[in-house]
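> for reference, the sequence and a predicted model appear below.
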Amino acid sequence: MILRRPSFDRTYNKLTPQQQARVDEAVGRLEKSFGRPHEHAGIGVRPIGHFFECRAGLQLRVLFVARSGDIVLVTVGNHDAIRAYIKANS
């Protein structure tokens, strides 16, 4: 199941409709393939500390955590925004 934190909703709502569509597509692919490395290679899932990150385009990243079989979306943004979030919340 995909869950969303309020921090994700705040950043997601600031995106353009095109960016939101890319995020939606990446999250849909993530839900189907997370835990199967050969299938999620296309969206670039990688661990960062206790978080994971996946790509939703060249500049856009989705930060999430895996909890008891669920995927919890934490925030979305560019490389620098993701790094700043991790630094502030680690």
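Nice, I can see it.
> which residue ranges form the helices in this structure?
Assigned by DSSP state H, the helices in the chain fall at 6-13, 17-33, 37-40, 79-88.
> got CSV for these, with mean neighbour count, distance to Leu58 and mean pLDDT too?
(C-beta placed from N, C-alpha, C; glycine too.) Shown next, in CSV, are the helices of the chain (neighbours: other CB atoms under 10 Å; distance: least, CB to CB, whole Å; pLDDT from 0 to 100):
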stretch, mean neighbour count, distance to Leu58, mean pLDDT
helix 6-13, 14, 18, 97
helix 17-33, 15, 10, 91
helix 37-40, 12, 18, 53
helix 79-88, 14, 10, 94
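> out of those helices, flag the one nearest Arg61.
helix 79-88 (4.8 Å; CB to CB).
> center of the protein, which residue is that?
Centroid-nearest residue in the chain: Val62, 2.2 Å away (criterion: CA atoms, centre = their mean).
> hmm, it is touching Glu53, no?
Yes - judged on CB atoms under 8 Å, Val62 makes contact with Glu53 at a distance of 7.0 Å.
> Leu73 contacts Arg10, correct?
No - checked against CB under 8 Å, the pair Leu73 and Arg10 is beyond contact range at 11.5 Å.
> how near is the residue nearest to the centre of the chain to Leu73?
Taking CB to CB, to the nearest Å as the measure, Val62 and Leu73 are separated by 6 Å.
> quick one: common contacting residues for these two?
Val27 (CB atoms under 8 Å, 6 or more residues apart in numbering).
> got a list of what Arg46 touches?
Contacts of Arg46 were listed using CB under 8 Å, 6+ apart, and they are 52-54.
> swap in Ser7?
By CB under 8 Å, 6+ apart, the contact list for Ser7 reads 74-75, 85.
> Leu73 now?
Contacts here follow CB under 8 Å, 6+ apart; on that basis Leu73 touches 2-5, 8, 27, 62-64.
> closest one to Gln19 out of those residues, please.
Looking at the contacts of Leu73 and their distance to Gln19, the nearest is Val62, at 11.0 Å (CB to CB).
> before we move on, back to that, in strands, which of the contacts of Arg46 fall?
Residues from those lying in strands, with DSSP state E as the criterion: 52-54.
> I appreciate the help and will end here.
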